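K.L.:
Sequence isn't available, so here's the structure alone:
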């Protein structure tokens, strides 16, 4: 019986030991990284929302940030800008991002437009916003906005 008890103890304690090891590996692999999450809200009843994210190592100068907006008009050009300020009080334009085009729906979802861009890490630590614009019949209008701070 002592052998059976020993095998039972090993069977019960091994998963706990492995969890400790993997938990330590997971924690150490995330140290020094900063997650940036931005939720985009509709502007002027556009109905367009979005979500963006990126992460960077502590001390990094830049980080990759990606955002997807839905629903968009298929074939329509959208331009995103980074501004100082907040969504209710847009400030100075600091960066214009490349135009993106509304794409057809995938897997039963809504048409969307996605942007991926390298941004300075300072945008994640201060009052900056990303504003999505569309121009229709020569008139530019804001359709979504999200704050980094």
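P.N.:
Perfect, I can see it now. Keep in mind that what you see is a predicted model, and the values were worked out from it rather than measured.
K.L.:
partner residues bridging the nearest residue to residue 140 once chain neighbours are set aside?
P.N.:
Nearest residue to residue 140 in three dimensions, chain neighbours excluded: residue 133, at 5.5 Å (C-beta to C-beta, 6 or more residues apart in numbering). Just so you know, the C-beta spots here come from the backbone N, C-alpha and C atoms, and that holds for glycine as well. Per DSSP bridges, the residues bridged to residue 133 are residue 79, residue 142.
K.L.:
Next: residue 116.
P.N.:
Beta-bridge partners recorded for residue 116 (DSSP bridges): residue 66.
K.L.:
What about it, how many residues nearby?
P.N.:
Number of residues near residue 116 (other C-beta atoms under 10 Å) recorded here: 14.
K.L.:
For residue 88, see how far away it is.
P.N.:
In this view, residue 116 and residue 88 are 27 Å apart by C-beta to C-beta, to the nearest Å.
K.L.:
In three-state terms, label residue 45 for me.
P.N.:
Under the three-state scheme (DSSP: H, G, I helix; E, B strand; the rest coil), residue 45 adopts coil.
K.L.:
Revised request: answer the last question for residue 94.
P.N.:
On the three-state scheme (three-state DSSP), residue 94 is labelled strand.
K.L.:
what sits against the spatially closest residue to it that is not a sequence neighbour?
P.N.:
Using C-beta to C-beta, 6+ apart and skipping the chain neighbours, the partner closest in space to residue 94 is residue 82 (5.2 Å). Residues in contact with residue 82 (C-beta atoms under 8 Å, 6 or more residues apart in numbering) are 93, 94, 95, 97, 119, 123, 128, 129, 130, 131.
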